[in-house]
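Enquirer: predicted model follows, preceded by the sequence.
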Amino acid sequence: MTTTIPLPQRSAGGDELQRILNVAKLHLTARIPLLVLPWMILGIIFAANVAIWLLIRAAAGDAAMADAGEGMQFSGASTFIFVYMLVVAVQAVNATFPFALGYGVTRRDFYLGSSLTFLALSVYYAAGLTLLNWLERSTNGWGLGGRMFDVVYFSTENLLTQFLQFFLVFLFFFFVGAATGSVYVRWKSFGMIVFFAALGFALIGAAAVITLSESWGAVGEWFVSNGPLGVALWLLVPTVLSALAGFRLLRRATPRN
């Protein structure tokens, strides 16, 4: 009489986790454009800013540079990287979704794997910007009094708070981009036209309501009273709504090459 020893079987949960990780790995195959290129572009923007700072100091002196440094607190030079991540999310959903489903990945696994990628990238870029912000403050604007990373809408001396602000903003752009990409996958060009038309009318309508009710002062007070961290926390609302909308759209999407 022989005794058979059953081989260990991988659980269904283990298979699902592996599929989710495989989707994340699929997104990260293009490491240079995803992990390196944004820093290179940001470095070029930084070099251009340094050149401008040097010109100001050479032409007008340190006093003028100090005044210019205060104005640079409202600079949008570093915001490029957030828009870049929105485009990354759009492309991640649009280009990778049909390919992943062709290899047997479910829509749920694809979206969870994509969300995991967005979370990891948000941590990665938030940590990098937090470090650059700290260096800029510690060196008094890189020894020139300039401001590119330590700007008013992210300004805080607490590094953990700084990181959290960047992290939440990155999540917002990633999931808004994912939802936008899901609209295209679901309805193609027609869906994008309707989506951007509706978005444009909604923004114009909101601006009209605020203007006619003379509420711009209240809007400004809301931003001031909440502060950078409060505004970043409020971004969780559209972030979660975008994440849910993107998932619902992809559940009904039919990928076409």
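Expert: Received, thanks.
Enquirer: what is the burial count for Phe163?
Expert: For Phe163, the neighbour count with other C-beta atoms under 10 Å is 19. The way it works is simple: take the backbone N, C-alpha and C, and place the C-beta from them, glycine included.
Enquirer: what's the burial count for Trp187?
Expert: Neighbours of Trp187 (other C-beta under 10 Å): 16.
Enquirer: in terms of helices and strands, where is it?
Expert: helix 159-212 (DSSP states H and E).
Enquirer: same for that helix, what does it pack against?
Expert: Applying 3 or more C-beta pairs under 8 Å, 6 or more residues apart in numbering; DSSP states H and E, we find helix 159-212 packed against helix 80-102, helix 107-138, helix 216-234, helix 236-251.
Enquirer: which stretch among those helices comes nearest Gly61?
Expert: helix 107-138 (21.4 Å; C-beta to C-beta).
Enquirer: list the buried ones in that closest one?
Expert: 107, 109-115, 117-118, 121-122, 125-126, 128-130, 132-134, 136-137 (16 or more other C-beta atoms under 10 Å).
Enquirer: quick one: it to helix 80-102, angle?
Expert: Note on geometry: by axes from the mean of the first three to the mean of the last three C-alpha atoms, to 10 degrees, helix 107-138 and helix 80-102 are set 160 degrees apart in direction.
Enquirer: residue numbering should commence at 22 henceforth.
Expert: Right, with 22 as the first residue, what we last looked at is helix 128-159.
Enquirer: packing partners for helix 128-159?
Expert: Going by 3+ C-beta pairs under 8 Å, 6+ apart, helix 128-159 lies up against helix 33-48, helix 101-123, helix 180-233, helix 257-272.
Enquirer: the same query, at a cut-off of 6 Å, please.
Expert: Applying 3 or more C-beta pairs under 6 Å, 6 or more residues apart in numbering; DSSP states H and E, we find helix 128-159 packed against helix 33-48, helix 180-233, helix 257-272.
Enquirer: what is the least confident helix or strand in this protein?
Expert: Across the helices and strands of the chain, mean pLDDT, DSSP states H and E gives its lowest value to helix 83-92, namely a mean of 65.
Enquirer: centre of the chain versus stretch 255-269, how much separation?
Expert: Taking C-alpha atoms, centre = their mean, to the nearest Å, one finds the center of stretch 255-269 at 13 Å from the center of the full chain.
Enquirer: list the buried residues in that stretch.
Expert: Leu256, Thr260, Ser263, Ala264, Ala266, Gly267, Phe268.
Enquirer: wait, isn't the first one in contact with Phe194?
Expert: No - in this structure, Leu256 is not within contact of Phe194 by C-beta atoms under 6 Å, at 9.4 Å.
Enquirer: spatially central residue for the protein, please.
Expert: Most central in the chain under C-alpha atoms, centre = their mean is Phe191, positioned 2.9 Å from the mean C-alpha point.
Enquirer: who's in contact with the nearest residue to it once chain neighbours are set aside?
Expert: Counting by C-beta to C-beta, 6 or more residues apart in numbering, the nearest residue to Phe191 once its immediate chain neighbours are dropped is Ser143, at 3.9 Å. Ser143 makes contacts with Phe188, Phe191, Leu192, as judged by C-beta atoms under 6 Å, 6 or more residues apart in numbering.
Enquirer: looking at the second one now. What's its pLDDT?
Expert: Residue-level confidence at Phe191 comes out at 97, pLDDT.
Enquirer: over to the first one?
Expert: On pLDDT, Phe188 comes in at 96.
Enquirer: again with Thr25
Expert: 42.
Enquirer: same question, Leu256
Expert: Taking Leu256 on its own, its pLDDT is 95.
Enquirer: same check, this time on Val261
Expert: 97.
Enquirer: what number of residues lie near the closest residue to it other than its chain neighbours?
Expert: For Val261, ignoring the flanking residues on the chain, the nearest one in space by C-beta to C-beta, 6+ apart is Phe196 at 7.9 Å. Phe196: 27 surrounding residues under other C-beta under 10 Å.
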